[in-house]
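*Asks:* For reference, the sequence and a predicted model appear below.
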Amino acid sequence: MATASAQATSDAAILMLMFGEPIAADVMRHLTPTEVQHLGSAMYAVEDVPEDEVDRILEDFLSRLAGETGLGHGTPAYVRNIMHQALGPDRAQSVISRISPNSTERPIRLLEWMDARSISELISSEHPQIMALVIACLDYAQAAEVLTSLPEDLQPDIVRRIAELTAVTPEALSDLEQVLQREFKASTSSSASQIGGVKAAARIMNFTRSGIEARILRDIRKDDKDLMGAIQDNMFVFDNLGKSDDRSLQTLLRAIEPERLVLALKGADEVLRERLLSCMSVRAAATIRDEMEALGPVRLTDVQEAQKQIVAVARQMSDAGTIVLAGRGGEEMV
């Protein structure tokens, strides 16, 4: 059975095919690179949609459309305009670069349209500081892919440099512009852009494989134990899931394949295991318990990898606003 998010993407793909080329193209222009990729793949997969399914999708779409107030549409442009009028372009850009909740103000937004392999090849011959600047500006999942595509001996140094970043001067952005050439969209502001930092390094590490994560943190610890501790304190790990609210956990568990959850829970402590199972139906929880018992002994590395994948999904859903995470590296609950 498809997850709720997969069903929503499938429905959106069918709507796009019904809109016609001009409207569909206009919609695409407002999506992020990841959304374009997911929606495009779903559109390729559409075939022989039953008439009653089309009716359901249209009714749902029209119902949602009727419920929209319009409040919030165009908010980024509105905020940008009033700040420019109140503060002037330079000071406004400095504030916007710190408070913007999305990537629209990032200095190298065009890199989001490149795959990880292309980016790693583009920066592979550059100084580690340049690598760190580029990676720190990427989406966290993409940044993790780029990081792990680079030589292993460079990875700890790059993560360390990301963690120690605070602000990037116009001169540094100019260096990036030369490195990335036409693929780079530079910031025109004379103000520094806030990128990197311990939290950025921690969230990139959240998307790396367990073995690579342990190796990088171990190497960082050799040079700077406090920095390693700070990165770890900002990472969200599987054990933190138990601190989240029931609704968020229920939403998350519906998006996780049962096989992956069974494997992840094999290595969880009893308190966390029961906490997660309590957020499922009695029947579903019983099925998970039966499958765990039938699975028998498993490798610790497989368990850790399953837990890491679930945490990655949780982080993505948290970033999208679908759930709220609580605990180390997550949101504080009040």
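*Replies:* Happy to help now that I have it. Residues are numbered from 1 along each chain as shown.
*Asks:* residues making contact with stretch 220-235?
*Replies:* 156, 159-160, 163-164, 198-199, 201-203, 205-206, 217, 328-329 (Cβ atoms under 8 Å, 6 or more residues apart in numbering). Heads up, the C-betas are built off the backbone N, CA and C, glycines and all.
*Asks:* run the last query once more with 7 Å
*Replies:* 156, 159-160, 163, 198-199, 201-202, 205-206, 217, 328-329 (Cβ atoms under 7 Å, 6 or more residues apart in numbering).
*Asks:* What's the end-to-end length of it?
*Replies:* 15 Å (Cα to Cα, to the nearest Å).
*Asks:* mind listing what's buried in that stretch?
*Replies:* Residues of stretch 220-235 classed as buried by neighbour count (16 or more other Cβ atoms under 10 Å): Ile220, Arg221, Leu227, Met228, Ala230, Ile231, Gln232, Asn234, Met235.
*Asks:* Derive a ChimeraX selection command for the buried subset of the contacts of stretch 220-235.
*Replies:* Entered in ChimeraX, the line below selects the buried ones among those, by 16+ other Cβ under 10 Å:
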select :156,159,160,163,198,199,201,202,205,206,217,329
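*Asks:* can you put the contacts of stretch 220-235 in a markdown table and add distance to Ile130 and secondary structure?
*Replies:* Converted to a markdown table, those look like this (distance: Cβ to Cβ, whole Å; DSSP: H, G, I helix; E, B strand; the rest coil):
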| residue | distance to Ile130 | secondary structure |
| --- | --- | --- |
| Pro156 | 17 | helix |
| Val159 | 15 | helix |
| Arg160 | 15 | helix |
| Ala163 | 16 | helix |
| Val198 | 20 | helix |
| Lys199 | 21 | helix |
| Ala201 | 16 | helix |
| Ala202 | 21 | helix |
| Met205 | 20 | helix |
| Asn206 | 23 | helix |
| Leu217 | 23 | helix |
| Arg328 | 31 | coil |
| Gly329 | 27 | coil |
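*Asks:* So what's the residue count around Pro258?
*Replies:* Other residues lying near Pro258 total 13 when counted by other Cβ atoms under 10 Å.
*Asks:* err, Ser63, not the other one
*Replies:* For Ser63, using other Cβ under 10 Å, the count is 9.
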